[in-house]
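Engineer: Quick one, what's the 3D model for this:
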Amino acid sequence: MKRCWIVGMMCGAMAACGGTVERDVEDAPDDQSDPDAGCLPVCSGLTCGPDGCGGTCGACTTGQTCTARGQCEPLASRQRSCRDTPDERGCGMVEVPGGTFTLGDDPLATAATPAQPAITVGPFVLDAYEVTVARFRRFWEAGHPAPAGAIAYPGGASIPWTGEVRDPTLHGEGPWGTRPIDGPSPHPFHAMAAADWWTAQAFCVWDGGRLPTEAEWEFVAKAMSDGRPVPRVYPWGDEPPQGAVDTPCDLASWNECHPAMDRFQLGGGPVGTFAPTGGFYDLAGNVEEWVADGWALYTNASCWGGVPRADPLCVSSPDGGDERVTRGGHAISASTAALRAAARGVNVSSQGLSWTGFRCAATQ
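Structural biologist: So this is what the prediction gives:
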(Lines give C-alpha, C1' and ligand atoms only; values in the text may rest on other atoms or scores of the structure.)
Protein backbone atom coordinates (compact mmCIF):
# COMPACT_ATOMS: atom_id res chain seq x y z
CA MET A 1 0.00 0.00 0.00
CA LYS A 2 1.48 3.32 -1.02
CA ARG A 3 0.51 6.94 -0.40
CA CYS A 4 1.73 10.15 -1.96
CA TRP A 5 2.83 12.75 0.60
CA ILE A 6 3.68 16.35 -0.14
CA VAL A 7 3.83 19.36 2.19
CA GLY A 8 1.83 17.49 4.77
CA MET A 9 -0.99 16.40 2.48
CA MET A 10 -1.99 13.12 0.92
CA CYS A 11 -2.55 13.58 -2.76
CA GLY A 12 -3.73 10.41 -4.43
CA ALA A 13 -5.29 11.52 -7.71
CA MET A 14 -4.87 15.25 -7.05
CA ALA A 15 -2.97 17.11 -9.74
CA ALA A 16 -0.70 18.73 -7.15
CA CYS A 17 1.01 15.35 -6.72
CA GLY A 18 2.58 15.40 -10.15
CA GLY A 19 6.27 14.64 -9.91
CA THR A 20 6.29 13.79 -6.19
CA VAL A 21 7.88 10.67 -4.74
CA GLU A 22 5.67 7.92 -3.39
CA ARG A 23 6.56 6.49 0.00
CA ASP A 24 5.49 3.30 1.69
CA VAL A 25 2.73 3.92 4.16
CA GLU A 26 5.20 2.91 6.88
CA ASP A 27 7.12 6.11 6.03
CA ALA A 28 4.08 8.34 6.42
CA PRO A 29 3.81 10.78 9.35
CA ASP A 30 3.13 9.02 12.66
CA ASP A 31 -0.43 10.34 13.00
CA GLN A 32 -1.35 9.05 9.52
CA SER A 33 0.37 5.64 9.51
CA ASP A 34 -2.40 3.16 10.30
CA PRO A 35 -2.49 0.87 7.23
CA ASP A 36 -5.83 -0.58 8.34
CA ALA A 37 -7.63 2.74 8.52
CA GLY A 38 -8.56 2.77 4.85
CA CYS A 39 -8.30 6.25 3.37
CA LEU A 40 -6.26 8.48 5.68
CA PRO A 41 -7.30 12.16 5.68
CA VAL A 42 -4.36 14.55 5.77
CA CYS A 43 -4.94 18.13 6.87
CA SER A 44 -1.70 18.95 8.66
CA GLY A 45 -0.82 22.56 7.84
CA LEU A 46 -3.96 23.03 5.73
CA THR A 47 -6.88 25.33 6.50
CA CYS A 48 -9.12 24.45 3.57
CA GLY A 49 -9.49 22.23 0.56
CA PRO A 50 -9.76 18.46 0.08
CA ASP A 51 -8.40 16.06 2.65
CA GLY A 52 -7.63 13.35 0.10
CA CYS A 53 -10.49 11.12 1.21
CA GLY A 54 -13.48 12.92 -0.20
CA GLY A 55 -13.78 15.26 2.77
CA THR A 56 -12.52 18.74 3.45
CA CYS A 57 -9.93 20.34 5.71
CA GLY A 58 -12.12 23.39 6.20
CA ALA A 59 -13.83 26.20 4.33
CA CYS A 60 -12.83 29.80 3.75
CA THR A 61 -14.96 32.74 4.81
CA THR A 62 -16.83 35.01 2.41
CA GLY A 63 -14.43 37.05 0.32
CA GLN A 64 -11.66 34.46 0.54
CA THR A 65 -10.63 31.57 -1.66
CA CYS A 66 -8.77 28.32 -1.04
CA THR A 67 -5.44 28.17 -2.83
CA ALA A 68 -3.80 25.06 -4.25
CA ARG A 69 -1.63 25.09 -1.11
CA GLY A 70 -4.69 24.65 1.10
CA GLN A 71 -4.62 28.18 2.52
CA CYS A 72 -7.35 30.84 2.58
CA GLU A 73 -6.47 34.08 0.81
CA PRO A 74 -8.52 37.16 -0.14
CA LEU A 75 -10.08 36.74 -3.57
CA ALA A 76 -8.62 40.10 -4.60
CA SER A 77 -5.14 38.64 -4.14
CA ARG A 78 -5.80 36.56 -7.26
CA GLN A 79 -6.05 39.78 -9.25
CA ARG A 80 -2.56 41.08 -9.93
CA SER A 81 -4.04 44.47 -10.81
CA CYS A 82 -5.56 44.70 -7.31
CA ARG A 83 -2.86 43.28 -5.04
CA ASP A 84 -1.78 46.69 -3.80
CA THR A 85 -5.33 48.10 -3.75
CA PRO A 86 -7.65 45.22 -2.76
CA ASP A 87 -10.37 47.57 -1.50
CA GLU A 88 -10.38 49.77 -4.58
CA ARG A 89 -13.63 50.15 -6.50
CA GLY A 90 -13.52 47.59 -9.29
CA CYS A 91 -11.49 45.01 -7.35
CA GLY A 92 -12.74 41.72 -5.97
CA MET A 93 -13.90 38.35 -7.24
CA VAL A 94 -16.82 36.08 -6.39
CA GLU A 95 -16.66 32.31 -6.08
CA VAL A 96 -19.11 30.35 -8.22
CA PRO A 97 -19.68 26.70 -7.26
CA GLY A 98 -20.67 25.58 -10.74
CA GLY A 99 -23.58 23.35 -11.71
CA THR A 100 -25.78 22.18 -14.56
CA PHE A 101 -28.33 24.35 -16.36
CA THR A 102 -29.93 25.10 -19.71
CA LEU A 103 -27.99 27.56 -21.84
CA GLY A 104 -30.04 29.90 -24.00
CA ASP A 105 -33.72 28.95 -24.14
CA ASP A 106 -34.99 32.54 -24.40
CA PRO A 107 -36.75 33.45 -27.68
CA LEU A 108 -36.92 37.10 -26.59
CA ALA A 109 -33.14 37.37 -26.16
CA THR A 110 -30.75 37.98 -29.02
CA ALA A 111 -29.48 34.75 -30.66
CA ALA A 112 -30.44 32.63 -27.63
CA THR A 113 -32.23 29.70 -29.28
CA PRO A 114 -32.54 26.78 -29.54
CA ALA A 115 -32.03 25.71 -25.93
CA GLN A 116 -28.81 23.89 -24.98
CA PRO A 117 -29.82 21.51 -22.17
CA ALA A 118 -27.60 19.92 -19.54
CA ILE A 119 -24.68 22.31 -19.80
CA THR A 120 -22.34 21.85 -16.83
CA VAL A 121 -19.73 24.31 -15.60
CA GLY A 122 -17.22 23.52 -12.90
CA PRO A 123 -16.34 25.81 -9.99
CA PHE A 124 -14.67 29.09 -10.89
CA VAL A 125 -14.22 32.65 -9.70
CA LEU A 126 -15.34 35.72 -11.64
CA ASP A 127 -14.56 39.42 -11.32
CA ALA A 128 -17.25 41.21 -9.37
CA TYR A 129 -16.86 44.24 -11.65
CA GLU A 130 -15.98 44.95 -15.24
CA VAL A 131 -12.27 45.70 -15.54
CA THR A 132 -11.67 49.37 -14.80
CA VAL A 133 -9.38 51.92 -16.40
CA ALA A 134 -7.25 51.91 -13.23
CA ARG A 135 -6.73 48.14 -13.34
CA PHE A 136 -5.98 48.14 -17.05
CA ARG A 137 -3.43 50.94 -16.66
CA ARG A 138 -1.41 48.76 -14.27
CA PHE A 139 -1.26 46.08 -16.94
CA TRP A 140 -0.15 48.61 -19.51
CA GLU A 141 2.50 50.07 -17.22
CA ALA A 142 3.77 46.54 -16.52
CA GLY A 143 4.63 46.23 -20.21
CA HIS A 144 1.27 44.74 -21.34
CA PRO A 145 2.79 41.29 -21.95
CA ALA A 146 1.18 38.78 -24.26
CA PRO A 147 0.49 35.28 -22.90
CA ALA A 148 3.47 32.94 -23.18
CA GLY A 149 1.41 30.26 -24.90
CA ALA A 150 -2.05 28.79 -25.28
CA ILE A 151 -4.63 29.80 -22.67
CA ALA A 152 -5.85 26.77 -20.71
CA TYR A 153 -9.54 26.24 -19.96
CA PRO A 154 -11.47 23.72 -17.86
CA GLY A 155 -12.04 20.33 -19.39
CA GLY A 156 -8.67 20.26 -21.14
CA ALA A 157 -9.46 22.80 -23.86
CA SER A 158 -7.09 25.62 -24.74
CA ILE A 159 -7.10 28.65 -27.01
CA PRO A 160 -3.90 29.18 -29.02
CA TRP A 161 -2.38 32.63 -28.75
CA THR A 162 -2.15 33.97 -32.31
CA GLY A 163 -2.99 37.63 -31.74
CA GLU A 164 -1.26 40.69 -30.37
CA VAL A 165 -1.74 43.19 -27.57
CA ARG A 166 -2.82 46.54 -28.96
CA ASP A 167 -3.36 50.04 -27.68
CA PRO A 168 -7.14 50.12 -27.01
CA THR A 169 -7.76 53.36 -28.88
CA LEU A 170 -11.38 54.39 -28.61
CA HIS A 171 -13.43 54.79 -31.75
CA GLY A 172 -15.06 58.19 -32.08
CA GLU A 173 -14.49 60.89 -29.49
CA GLY A 174 -14.20 58.62 -26.47
CA PRO A 175 -14.59 61.45 -23.92
CA TRP A 176 -14.37 59.13 -20.92
CA GLY A 177 -10.58 59.24 -21.11
CA THR A 178 -10.19 55.49 -21.01
CA ARG A 179 -7.01 55.26 -23.06
CA PRO A 180 -4.49 54.05 -20.47
CA ILE A 181 -1.44 55.34 -22.34
CA ASP A 182 -2.70 58.94 -22.33
CA GLY A 183 -1.60 59.54 -18.76
CA PRO A 184 -3.76 59.60 -15.64
CA SER A 185 -7.41 59.22 -16.54
CA PRO A 186 -10.02 61.46 -14.94
CA HIS A 187 -12.21 58.34 -14.79
CA PRO A 188 -10.13 55.54 -13.22
CA PHE A 189 -13.18 53.62 -12.02
CA HIS A 190 -15.04 53.57 -15.31
CA ALA A 191 -15.17 50.33 -17.27
CA MET A 192 -12.21 49.93 -19.60
CA ALA A 193 -13.67 50.10 -23.09
CA ALA A 194 -12.32 49.47 -26.58
CA ALA A 195 -9.83 46.69 -25.87
CA ASP A 196 -10.08 44.06 -28.57
CA TRP A 197 -10.56 40.39 -27.66
CA TRP A 198 -6.85 39.55 -27.76
CA THR A 199 -5.89 42.48 -25.56
CA ALA A 200 -8.66 41.63 -23.10
CA GLN A 201 -7.50 38.02 -22.95
CA ALA A 202 -3.89 39.14 -22.43
CA PHE A 203 -4.94 41.34 -19.53
CA CYS A 204 -6.83 38.48 -17.89
CA VAL A 205 -3.89 36.09 -18.20
CA TRP A 206 -1.53 38.70 -16.73
CA ASP A 207 -4.06 39.35 -13.96
CA GLY A 208 -4.07 35.68 -13.00
CA GLY A 209 -6.95 34.24 -14.98
CA ARG A 210 -8.62 34.19 -18.37
CA LEU A 211 -11.75 35.43 -20.09
CA PRO A 212 -14.82 33.49 -18.91
CA THR A 213 -16.57 31.07 -21.22
CA GLU A 214 -20.02 32.11 -22.31
CA ALA A 215 -21.48 29.17 -20.39
CA GLU A 216 -19.80 30.42 -17.20
CA TRP A 217 -20.96 33.97 -17.86
CA GLU A 218 -24.59 32.94 -18.46
CA PHE A 219 -24.60 30.62 -15.44
CA VAL A 220 -23.84 33.67 -13.30
CA ALA A 221 -26.15 36.07 -15.17
CA LYS A 222 -29.11 33.72 -14.76
CA ALA A 223 -28.30 33.48 -11.03
CA MET A 224 -28.05 29.71 -11.31
CA SER A 225 -25.13 29.88 -8.88
CA ASP A 226 -27.69 30.86 -6.23
CA GLY A 227 -29.35 27.45 -6.60
CA ARG A 228 -32.46 28.85 -8.28
CA PRO A 229 -34.76 26.24 -9.84
CA VAL A 230 -35.80 28.74 -12.52
CA PRO A 231 -33.28 31.05 -14.20
CA ARG A 232 -33.65 34.80 -14.05
CA VAL A 233 -34.60 36.65 -17.20
CA TYR A 234 -32.24 39.51 -16.37
CA PRO A 235 -29.29 39.39 -13.97
CA TRP A 236 -31.33 41.24 -11.31
CA GLY A 237 -34.67 39.44 -11.80
CA ASP A 238 -37.53 39.10 -14.24
CA GLU A 239 -38.67 42.73 -14.59
CA PRO A 240 -37.25 44.79 -17.48
CA PRO A 241 -35.22 47.89 -16.65
CA GLN A 242 -36.48 51.43 -17.01
CA GLY A 243 -34.60 53.97 -19.06
CA ALA A 244 -34.58 55.96 -22.27
CA VAL A 245 -32.49 58.70 -23.81
CA ASP A 246 -31.73 61.35 -21.16
CA THR A 247 -34.03 59.74 -18.58
CA PRO A 248 -33.05 58.04 -15.31
CA CYS A 249 -31.94 54.40 -15.30
CA ASP A 250 -33.08 52.16 -12.48
CA LEU A 251 -31.29 48.83 -12.92
CA ALA A 252 -28.73 49.15 -15.71
CA SER A 253 -27.07 51.68 -17.98
CA TRP A 254 -28.69 51.20 -21.39
CA ASN A 255 -30.50 53.11 -24.14
CA GLU A 256 -28.47 56.28 -23.42
CA CYS A 257 -29.98 56.80 -19.98
CA HIS A 258 -28.34 58.04 -16.77
CA PRO A 259 -27.33 58.26 -13.82
CA ALA A 260 -24.54 56.02 -15.13
CA MET A 261 -23.67 58.95 -17.39
CA ASP A 262 -24.43 62.65 -16.84
CA ARG A 263 -25.35 62.62 -20.47
CA PHE A 264 -24.72 59.97 -23.06
CA GLN A 265 -21.20 59.72 -24.45
CA LEU A 266 -19.22 56.84 -25.86
CA GLY A 267 -17.05 54.78 -23.55
CA GLY A 268 -17.46 52.76 -20.39
CA GLY A 269 -19.33 54.36 -17.52
CA PRO A 270 -18.49 53.98 -13.82
CA VAL A 271 -18.60 50.42 -12.54
CA GLY A 272 -20.83 49.46 -9.64
CA THR A 273 -23.39 52.23 -10.18
CA PHE A 274 -26.32 49.88 -9.61
CA ALA A 275 -26.99 47.31 -6.91
CA PRO A 276 -25.15 43.99 -7.31
CA THR A 277 -26.71 40.63 -8.01
CA GLY A 278 -25.06 37.80 -6.10
CA GLY A 279 -22.04 40.04 -5.63
CA PHE A 280 -21.73 40.90 -9.34
CA TYR A 281 -22.13 44.38 -10.82
CA ASP A 282 -23.09 45.52 -14.33
CA LEU A 283 -23.73 42.12 -15.88
CA ALA A 284 -26.21 43.94 -18.11
CA GLY A 285 -25.57 47.33 -19.66
CA ASN A 286 -22.67 49.76 -19.33
CA VAL A 287 -20.27 47.89 -21.64
CA GLU A 288 -20.89 44.56 -23.31
CA GLU A 289 -18.31 41.99 -22.29
CA TRP A 290 -15.99 39.79 -24.28
CA VAL A 291 -16.14 36.09 -23.41
CA ALA A 292 -13.78 33.38 -24.56
CA ASP A 293 -15.89 31.57 -27.14
CA GLY A 294 -15.71 31.84 -30.88
CA TRP A 295 -19.04 32.75 -32.44
CA ALA A 296 -21.30 29.85 -33.41
CA LEU A 297 -25.06 29.58 -33.64
CA TYR A 298 -26.58 27.14 -31.17
CA THR A 299 -27.56 24.95 -34.12
CA ASN A 300 -23.89 24.33 -34.89
CA ALA A 301 -23.10 20.74 -33.91
CA SER A 302 -19.34 21.18 -33.58
CA CYS A 303 -19.72 23.64 -30.69
CA TRP A 304 -23.30 23.23 -29.45
CA GLY A 305 -25.98 21.23 -31.23
CA GLY A 306 -28.32 20.74 -28.27
CA VAL A 307 -26.37 17.93 -26.59
CA PRO A 308 -25.15 17.79 -22.96
CA ARG A 309 -21.69 19.26 -22.53
CA ALA A 310 -19.31 19.74 -19.60
CA ASP A 311 -17.27 22.96 -19.46
CA PRO A 312 -18.01 23.76 -23.10
CA LEU A 313 -15.78 26.13 -25.05
CA CYS A 314 -16.10 26.97 -28.71
CA VAL A 315 -12.37 27.45 -29.25
CA SER A 316 -12.83 29.29 -32.54
CA SER A 317 -15.63 30.19 -34.89
CA PRO A 318 -16.51 27.00 -36.81
CA ASP A 319 -16.80 28.86 -40.11
CA GLY A 320 -13.20 30.00 -39.85
CA GLY A 321 -14.11 33.61 -39.10
CA ASP A 322 -12.55 35.97 -36.59
CA GLU A 323 -15.66 36.56 -34.48
CA ARG A 324 -15.94 36.18 -30.71
CA VAL A 325 -19.00 36.24 -28.48
CA THR A 326 -19.95 39.24 -26.34
CA ARG A 327 -22.44 39.25 -23.49
CA GLY A 328 -24.56 41.67 -21.47
CA GLY A 329 -25.51 44.50 -23.80
CA HIS A 330 -24.23 48.05 -23.37
CA ALA A 331 -25.13 51.67 -22.70
CA ILE A 332 -26.43 52.29 -26.21
CA SER A 333 -28.42 49.05 -26.51
CA ALA A 334 -31.84 50.31 -27.53
CA SER A 335 -33.69 47.07 -26.78
CA THR A 336 -33.96 45.05 -23.58
CA ALA A 337 -33.43 41.95 -25.74
CA ALA A 338 -29.69 42.60 -25.52
CA LEU A 339 -29.79 42.86 -21.71
CA ARG A 340 -31.45 39.53 -21.05
CA ALA A 341 -29.23 36.98 -19.32
CA ALA A 342 -29.27 34.60 -22.29
CA ALA A 343 -28.62 37.26 -24.95
CA ARG A 344 -25.57 36.89 -27.17
CA GLY A 345 -23.63 39.40 -29.23
CA VAL A 346 -20.74 39.07 -31.65
CA ASN A 347 -17.77 41.22 -32.65
CA VAL A 348 -14.63 40.73 -34.71
CA SER A 349 -11.93 39.72 -32.22
CA SER A 350 -9.33 42.17 -33.53
CA GLN A 351 -11.65 45.17 -33.26
CA GLY A 352 -11.97 47.25 -30.12
CA LEU A 353 -15.26 49.09 -29.79
CA SER A 354 -16.08 51.96 -27.48
CA TRP A 355 -18.99 50.05 -25.94
CA THR A 356 -17.12 46.77 -25.37
CA GLY A 357 -15.30 45.84 -22.16
CA PHE A 358 -14.67 42.64 -20.23
CA ARG A 359 -14.22 40.93 -16.87
CA CYS A 360 -11.95 38.01 -15.98
CA ALA A 361 -12.45 34.53 -14.56
CA ALA A 362 -10.17 31.90 -13.04
CA THR A 363 -10.62 28.17 -12.62
CA GLN A 364 -10.98 26.93 -9.04
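Engineer: could you pull out the strands for the stretch 151-300 of the chain?
Structural biologist: For the stretch 151-300 of the chain, the strands defined by DSSP state E, counting those that start in this stretch cover 151-152, 158-159, 288-294.
Engineer: With mean neighbour count and distance to S317 added, can I get those strands in JSON lines?
Structural biologist: No exception for glycine: its C-beta is placed from N, CA and C like everyone else's. Shown next, in JSON lines, are the strands of the stretch 151-300 of the chain (neighbours: other Cβ atoms under 10 Å; distance: least, Cβ to Cβ, whole Å):
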{"stretch": "strand 151-152", "mean neighbour count": "16", "distance to S317": "16"}
{"stretch": "strand 158-159", "mean neighbour count": "18", "distance to S317": "12"}
{"stretch": "strand 288-294", "mean neighbour count": "28", "distance to S317": "4"}
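Engineer: what about the lengthiest helix in the chain, average pLDDT?
Structural biologist: Under DSSP state H, the helix in the chain containing the largest number of residues is helix 197-207. The average of the pLDDT scores along helix 197-207 is 98.
Engineer: ditto for stretch 167-183
Structural biologist: Stretch 167-183 shows a mean pLDDT of 54 in the predicted model.
Engineer: what about V205, how many residues close to it?
Structural biologist: 22 (other Cβ atoms under 10 Å).
Engineer: That one and G149: what is the separation?
Structural biologist: Using Cβ to Cβ, to the nearest Å, V205 is found at 10 Å from G149.
Engineer: secondary structure class for the nearest residue to A221 once chain neighbours are set aside?
Structural biologist: Closest residue to A221 in three dimensions, ignoring its sequence neighbours and counting by Cβ to Cβ, 6 or more residues apart in numbering: A341, at 3.9 Å. Following DSSP: H, G, I helix; E, B strand; the rest coil, we place A341 in the coil state.
Engineer: what's the spacing between A341 and F274?
Structural biologist: Separation of A341 from F274 (Cβ to Cβ): 15 Å.
Engineer: Which one's more surrounded, the two?
Structural biologist: For A341 and F274, the more surrounded residue by other Cβ under 10 Å is A341, and the numbers stand at 26 against 22.
Engineer: mind listing what that one touches?
Structural biologist: Shown in contact with A341 (Cβ atoms under 8 Å, 6 or more residues apart in numbering): 106, 109, 218, 221-223, 231-235, 283-284.
Engineer: Identify, from the residues you listed, the entry nearest to T85.
Structural biologist: For these, the residue nearest T85 by Cβ to Cβ is L283; the value is 23.0 Å.
Engineer: Compute the number of surrounding residues for A337.
Structural biologist: Look at A337: counted by other Cβ under 10 Å, it has 18 neighbours.
Engineer: Sounds good, over and out.
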